[in-house]
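> Fold the following for me, if possible:
(one chain, ligands or ions: 2)
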Amino acid sequence: MIDGPDSTMPSERAPCGKAYVSILETYLKGEGEPALQRAYEMGRTALAQGVGLLELARIHHTCLETLLACAASAQQRETILCGAADFFAECISPYEMTYRGFRDANSALRRFNSVLEREAKRIAHSLHDEAGQLLVAVYIALTNLTQDVPQAAGHVANIRELLDQIEAELRRLSHELTPALLKDFGVAPALKYLAEGVSRRSGLRIVIEGTPEGRLPEPVEAALYRVAQESLTNAVRHARATKVTIRFRQEAARIFCHIRDDGVGFDTELTTPATSERGFGLIGIRERAGSLGGTLEIISAAGAGTELVVSIPLES
Ligand SMILES: Nc1ncnc2c1ncn2[C@@H]1O[C@H](COP(=O)(O)OP(=O)(O)OP(=O)(O)O)[C@@H](O)[C@H]1O
Ligand SMILES: [Mg+2]
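Ligands and ions are numbered 1, 2, ... in the order given. All right, here's what the predicted structure looks like:
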């Protein structure tokens, strides 16, 4: 790709050394703006074809060496160096624009995640307060019913017991949705609380190992909690698993979280962002980890269980 035979830059191909040096030479000879435009196009094509920035810099460096070796005087070398710097800047500007776009998209994603957290808080409060208010109204209605129809007292007592359970469950769900434990004490106690609730509701055995001892940055803790929450929901909804293990591992400035279930597994090809026609859970947690500079790896196959490996840098 670098030293192809062409002497001009075909727009549909990544840059080769000869094409690069040829356009650079026309620029140095004073062609000006049109040559810069071609440098920009060359950068755009290279980017589209997956040529890395370092590779492009290497091509530039090699061409520059060739041109400097042919220079007749110090002044000519100076002209080449200055011109080549402008030319190279133009060539890599598509990379710069892409990087800025990526940075903007990333901060939009982080803002979006904060909105999601606020929305979760709102729903949790509604569950807790508004549903709680409705339950109070039902309790009052039942009391009136017992007064009006004393012979229904036995049935009413049974209904009250069920309502007590519903109230406790609503309170627990609202706490799981936005756990105060996470904010106040970190990811370990919050996950323990979540796991107890999921385990009791579903019968799933959940083991948590190696939780981080100290506190992690708040967005990292929030992301790890949401990843575990989605994984447990998936294990209950899709996996038909009997056991889930959540294991943390800290290495240098990175936290890893492995979540493994012993369920039915699935074809991971069907859940890549480009192909997913199913839900948003896995895509959401991948993007959440990505917005913090992290990654999500999904290891699964039919009949072989599922393991999610999330890795997030701690400086994020
Ligand atoms: N632990 C798992 N075991 C088996 N299949 C899984 C597991 N996790 C995910 N899947 C499969 O991958 C699909 C996508 O999962 P994802 O969490 O993205 O969406 P969802 O759970 O279907 O819906 P949502 O999360 O949006 O409520 C699921 O529909 C399921 O088929
Ligand atoms: Mg899901």
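
> Report the closest residue of the stretch 1-150 of the chain relative to ligand 2.
Closest residue of the stretch 1-150 of the chain to ligand 2, Cβ to the ion: residue 116 (14.6 Å). Heads up, the C-betas are built off the backbone N, CA and C, glycines and all.

> same check, this time on the stretch 201-316 of the chain
For the stretch 201-316 of the chain, Cβ to the ion, closest residue to ligand 2: residue 281, 2.7 Å.

> Now do the same contact list for that residue.
Listed by Cβ atoms under 8 Å, 6 or more residues apart in numbering, the contact set of residue 281 reads 230, 233-234.

> Scan these and report the most crowded one.
Tallying neighbours with other Cβ atoms under 10 Å puts residue 234 at the head of these, with 22 neighbours.

> so what's that residue up against?
Here residue 234 is in contact with 281-282, 306 (Cβ under 8 Å, 6+ apart).

> what's the pLDDT at whatever residue of the stretch 201-316 of the chain ends up closest to ligand 1?
Going by Cβ to the nearest ligand atom, ligand 1 is nearest to residue 279 of the stretch 201-316 of the chain, at 1.8 Å. Residue 279 is assigned a predicted lDDT (pLDDT) of 74.

> Look at it and give its secondary structure.
Under DSSP: H, G, I helix; E, B strand; the rest coil, residue 279 falls in the coil class.

> Kindly provide the distance from it to residue 285.
In this structure, residue 279 and residue 285 are 11 Å apart, going by Cβ to Cβ, to the nearest Å.

> Please apply the same query to residue 47.
Distance of residue 47 to residue 285, given as Cβ to Cβ: 28 Å.

> Who has more neighbours out of these two?
For residue 47 versus residue 285, the count of surrounding residues by other Cβ under 10 Å is larger for residue 285: 24 against 18.

> I figured that one hits residue 229, correct?
No. The pair residue 285 and residue 229 does not pass the contact test of Cβ atoms under 8 Å, sitting 9.1 Å apart.
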